[in-house]
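>>> My questions are about this predicted structure, shown below with the sequence.
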Amino acid sequence: MTKLSALRLPRKQSRFFKRRCAAILRPSQQFTNQSAYSIVRQIVTIDIDLFLSPRRGLIVLFPSPFMSVGYAILISIVVCALAASLEGVCAGRNVKAFFPTLKFPPYSAPLWVWSIIGGGYYLIFGFVTYRLFRLDNSPLRNAGLVLALFMMLVNALTNYIIFRARNLRLSFIVGCLFPLMDVTLLVCLIQLDKLAAWLLLPYLIYRAYGVWWGYALWKINRAVQR
C-alpha cells in the first residue's frame, strides 16, 4: 500500500479544513479511524499528484476544497464570456454583409433569431459547467467538464469556417461531429447530474435542426462556393 509521506495544506485551506472538522465533530467528540476517514471525504476533494523527488521520493498530496457556489458561478460566467468573445472574433465584422449573399433553405431562422439561439446556448452551457464545477472531483466529472469546454471552443472556431473562410461544406462536416460529442456529454450528465442532463435536451433538439440546416445551406449554395 502506498504511503503518503507529506500532506501540505496552504494556510487558507488549512483554516477551512479545521472549521469544517469542528462543525462536523461538534455533535460527537469520539470517533474511530474509519469515521475520521469518512469525515475527511466530506470535507475535501482529494487530487493526488505524484512528484518523485530526486532526494527523498516524496509523494505530495494536494487537496482542494469543494468549489463554492459563488466561485462556480463566477468561473462559469468567465468561461462563457471568453467563448462568446472568441466566437465574435472568429466571425469577424462582415456577418451581416455575408448573410445576404447566401440562399437559405426553407424554415431558416432570421439573423435576430440566431442571436437568441446563441444566448440560450450560453445559458445552457453556463449552467452545465456551473453544475459540473460544483460536483466532487472524479474522472467522470473531469471528462464531462473537459468535453463541455472543448465543445464551446469548437463551436466558437466554427464561426471562422463559416464567416471568414466561407467554407459551408467544411462547416457541415464539423457540425456532423457535434452529435457524437453531444450524446457523450449527455451520457456523462445522466450519471453525474440529472438536472443538467434535462437542461441539455433543448440544445440537443437545436443541434438536430442545426445539422440539417447546415447540410441544406451547403447544398443550396454549392454554386456560390465554386
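The structure has been received and is ready for your questions.

>>> Tell me the buried residues in whichever helix in the chain runs longest?
For the chain, the helix that runs over the most residues, judged by DSSP state H, is helix 194-220. Of the residues in helix 194-220, those with enough neighbours to count as buried (16 or more other C-beta atoms under 10 Å) are 196-197, 199-200, 203, 207, 210-211, 213-218, 220. The C-beta positions use only the backbone N, C-alpha and C, and glycine is treated the same way.

>>> Same check on stretch 173-181?
174-175, 178, 181.

>>> What is the nearest of those residues to L147?
Closest approach between the buried residues of stretch 173-181 and L147, by C-beta to C-beta: M181, at 6.3 Å.

>>> mind listing what the closest residue to the closest one other than its chain neighbours touches?
Of all residues not flanking M181 in the chain, M151 sits nearest, at 5.3 Å (C-beta to C-beta, 6 or more residues apart in numbering). Residues in contact with M151, defined by C-beta atoms under 8 Å, 6 or more residues apart in numbering, are 125, 178, 181-182, 185.

>>> Count the residues that sit near L170.
The local packing of L170 (other C-beta atoms under 10 Å) involves 14 other residues.

>>> can you state the direction angle for the helix or strand hosting it and helix 194-220?
Remark: L170 resides in helix 168-192, with elements defined by DSSP states H and E. Orientation of helix 168-192 against helix 194-220 (axes from the mean of the first three to the mean of the last three C-alpha atoms, to 10 degrees) gives an angle of 170 degrees.

>>> Just put the buried residues of stretch 173-181 in JSON lines and tack on pLDDT.
Below are the buried residues of stretch 173-181 laid out as JSON lines (pLDDT from 0 to 100):
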{"residue": "V174", "pLDDT": "93"}
{"residue": "G175", "pLDDT": "93"}
{"residue": "F178", "pLDDT": "93"}
{"residue": "M181", "pLDDT": "95"}
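
>>> Relative to G120, which of these is nearest.
Comparing the buried residues of stretch 173-181 against G120 with C-beta to C-beta places F178 closest, at 15.9 Å.

>>> Touching, the closest one and G214? I think so.
No - with the criterion set as C-beta atoms under 8 Å, F178 and G214 do not qualify as a contacting pair; they are 9.7 Å apart.

>>> Quick check: mean pLDDT of stretch 92-101?
For stretch 92-101, the mean pLDDT works out to 83.

>>> Which residues are in contact with the closest residue to L168 other than its chain neighbours?
With C-beta to C-beta, 6+ apart as the criterion, L168 has its nearest non-adjacent residue at 4.1 Å, and that residue is W218. Residues counted as contacts of W218 (C-beta under 8 Å, 6+ apart) are 168-169, 171-172, 225.

>>> Now flag whichever of those residues is closest to I116.
Proximity to I116 was ranked across these by C-beta to C-beta; first place goes to S171, at 20.6 Å.

>>> ok, N94 - contacts?
Listed by C-beta under 8 Å, 6+ apart, the contact partners of N94 are F163.

>>> separation between it and R166?
Applying C-beta to C-beta, to the nearest Å, one obtains 10 Å for the distance of N94 from R166.

>>> where does the chain have low pLDDT?
Within the chain, the ranges that satisfy pLDDT under 70 run 1-66, 223-226.

>>> Which parts of it are helices?
Using DSSP H, the helices of the chain run over 11-25, 33-43, 69-91, 95-98, 111-134, 139-159, 168-192, 194-220, 222-225.

>>> Would you mind pulling the contact partners of the fifth one?
Read that as helix 111-134. With C-beta under 8 Å, 6+ apart as the criterion, helix 111-134 contacts 66-67, 69, 71-73, 75-77, 79-80, 83-84, 87, 95-96, 99, 109, 141, 144-145, 148-149, 151-152, 155, 185, 189, 192-193, 195-196, 199-200, 202-203, 206.
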